[in-house]
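**Student:** Fold the stuff below for me.
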Amino acid sequence: MKRWCIWIEDEDLKSALEIPPIAQRVQGVRDFRTNGGEVARTLVERSHQFRYRHTAKNQMLIVPCTSSENREYIQCGFFSSEYISMNSVQVILDPELWVFGVLSSKMHMIWVKAVAGRLESRIRYSNKICYNTFPCPDFTDENKEVLTELSIKILSARERHLNTTVGNLY
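**Tutor:** Got it, this is the predicted structure:
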């Protein structure tokens, strides 16, 4: 599903505010933040921007926060930097390709099933619990090269099934 957001850099604010619907939206956010909680009030001067603005330079690796406990692998994937992620995914900004191979591995899924939280019986992936605590070995450059090649094979196989969702592939 595509959703859209207004992404205004500081240097574009003046010209953006010349567009009445954008000016109204920014003013609405300003009013909300002015009357909001402690954190919201600290963001009043940035009413034209999201609280968090972490973006990828080239690409991002996303991992869904909620996934079926019946899957053998986590259905992670790459998106270009032109996209902004939603809060329903965990994001790794500009990772090396071999990281995809590790997160797509059965070894990682076994770890996730052991430590992840749950939503009913479904897996709740968390960067703090699943990703940061994963006992990943120190890979040599050779290991990373092999993982990169395997990652490319996975992504190439997916490309052969462009009309199928990643969820259905897994």
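**Student:** Mind naming the longest helix for the chain?
**Tutor:** helix 141-159 (DSSP state H).
**Student:** That helix - contacts with which helices or strands?
**Tutor:** Other elements packing on helix 141-159 under the criterion 3 or more C-beta pairs under 8 Å, 6 or more residues apart in numbering; DSSP states H and E are helix 97-103. Where you see a C-beta, it was placed from the backbone N, CA and C, and this is true even at glycine.
**Student:** what comes up buried for the longest helix of the chain?
**Tutor:** 144, 147-148, 150-151, 154, 158 (16 or more other C-beta atoms under 10 Å).
**Student:** Same check on stretch 95-113?
**Tutor:** For stretch 95-113, the neighbour count (16+ other C-beta under 10 Å) marks 95, 97-104, 108-109, 111-112 as buried.
**Student:** outside of the longest helix of the chain, which residues touch it?
**Tutor:** 77-78, 96-98, 100-102, 104, 137, 139, 166, 169 (C-beta atoms under 8 Å, 6 or more residues apart in numbering).
**Student:** tell me the mean pLDDT over it?
**Tutor:** Helix 141-159 shows a mean pLDDT of 95.
**Student:** Please tell me how far that helix is from the chain's geometric centre.
**Tutor:** Relative to the chain's own centre, helix 141-159 is displaced by 20 Å; criterion: C-alpha atoms, centre = their mean, to the nearest Å.
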